[in-house]
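Q: Prediction below, plus the sequence it came from.
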Amino acid sequence: MSTLTVHEPVMKSEVLEDLDVRPGGRYIDCTLGGGGHTRALLEASAPDGRVMGIDQDPDALERTGRVLASYGDRFCPAHGNFEAVAALVEKHEFDSPDGILVDLGVSSDQLDTPERGFSFRFDGSLDMSKAPTLGMPVSEWLGIVDESQLAHVLRTLGEERQSRKIARAILEAHRAGELTGTAALAEVVEKAVGGRKGSRIHPATRTFQALRMAVNREMEVLRTVLEEGIRLLPENGRMAVITFHSLEDREVKHTFRRHEGKEVSLFQGGSEWRGDPPRVRCVRRKARMAGDEEVAHNPRARSAKLRAIEKKETE
């Protein structure tokens with residue numbers, strides 16, 4: 001079992017502010033991970049607030065649960081994918097949460113554990129599944145997709161412009177038995193695009209992102225948790241989401257704006273609200289980003305964006 005990395009929660013003070021965390025409140029951290037945000041929620045809601053922490057990785061849930069054990073029954077660990085947040089709320093009798101947080105970053109423990117295969121900073125197995133006992137590893141997934149399907153994933157989830165060339169090279173290497181790990185995959189991608197060409201960003205970065213998102217169904221899961229989270233909130237309850245790349249941020253922004261809706265003037269006079277129920281208001285018009293001081297201390301925060309909504313009274 002790997003040791004627990006101290007989790008540096010991104011935009012901790014901004015999250016607490018946008019969720020309007022208060023003593024005695026009930027909050028859900030949909031992405032427990034190392035427990036940094038959960039601990040902050042527990043501290044800010046003291047002395048009697050409660051926090052449910054959800055994680056689909058049983059190892060992370062057990063390790064972080066030990067760290068947060070001192071909070072007693074104020075901390076409620078919940079095993080499962082946050083896609084099933086509604087079912088977990090019912091199971092643990094945690095209804096009407098005052099706030100819900102979703103941090104879409106990959107945890108430090110996952111990135112720094114070679115056998116999980118999330119990073120090519122060191123060689124590891126081609127896994128990338130966030131739930132080792134549930135998800136399909138990349139090594140198996142590559143055996144059931146064709147070149148067109150893989151190129152589509154690289155183009156849509158990784159926003160990779162050379163998707164077709166990379167897809168062909170990856171599948172050829174896979175069929176030849178050459179994809180022995182993350183280092184080999186990164187090398188195949190780099191050769192396919194003709195090297196780094198002076199860029200500071202490794203050419204395999206977008207490919208790794210796309211593959212991870214595909215095997216974990218990340219966009220589908222995100223859409224579900226956004227809709228379910230909004231539905232679960234009581235009046236004046238809030239939801240905050242931290243994203244780390246443009247694809248996720250666009251999904252969050254568009255979902256929140258659909259539920260915010262707008263008043264439309266009617267030809268016959270007056271106006272009516274048009275949008276997706278239930279209705280919300282955006283806490284801020286623009287996404288918040290980490291400050292220079294935080295980015296200098298925690299470089300992983302540099303691409304983070306925070307958006308939050310508050311559920312409005314049913315009309």
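A: Okay, I see it. As the structure is a prediction and not an experimental result, all values here were calculated from the model.

Q: list the contacts for the residue nearest the centre of the chain?
A: In the chain, the residue lying closest to the centroid (Cα atoms, centre = their mean) is residue 104, at 1.7 Å. Shown in contact with residue 104 (Cβ atoms under 8 Å, 6 or more residues apart in numbering): 31, 218, 222, 241, 242, 243, 244, 248. Just so you know, the C-beta spots here come from the backbone N, C-alpha and C atoms, and that holds for glycine as well.

Q: quick one: the first one and residue 103 touch, right?
A: Looking back up the chat, that one is residue 31. Yes. Applying Cβ atoms under 8 Å as the test, residue 31 and residue 103 come out as touching, 4.5 Å apart.

Q: between these two, what contacts are shared?
A: residue 37.

Q: Below-threshold pLDDT in the stretch 1-150 of the chain: ranges please.
A: 1-7, 106-123, 131-135 (pLDDT under 70).

Q: Could you pull out the helices in it for me?
A: Assigned by DSSP state H, counting those that start in this stretch, the stretch 1-150 of the chain shows helices spanning 12-18, 36-44, 58-67, 85-91, 108-111, 138-141, 147-157.

Q: Out of those, which is closest to residue 99?
A: helix 36-44 (7.8 Å; Cβ to Cβ).

Q: which other helices and strands contact that closest one?
A: helix 12-18, strand 26-29, strand 50-55, strand 99-103 (3 or more Cβ pairs under 8 Å, 6 or more residues apart in numbering; DSSP states H and E).

Q: Now that helix: buried residues?
A: 36, 37, 38, 39, 40, 41, 42, 44 (16 or more other Cβ atoms under 10 Å).

Q: ok, residues contacting it?
A: So helix 36-44 is contacted by 7-9, 12, 15-16, 19, 21-22, 27, 29, 31-32, 49, 51, 53, 64, 67-68, 71, 74-75, 99, 101, 103 (Cβ under 8 Å, 6+ apart).

Q: Rebuild the helices of the stretch 1-150 of the chain as TSV, extending it with distance to residue 181.
A: Converted to TSV, the helices of the stretch 1-150 of the chain look like this (distance: least, Cβ to Cβ, whole Å):
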stretch	distance to residue 181
helix 12-18	35
helix 36-44	30
helix 58-67	21
helix 85-91	34
helix 108-111	15
helix 138-141	9
helix 147-157	18
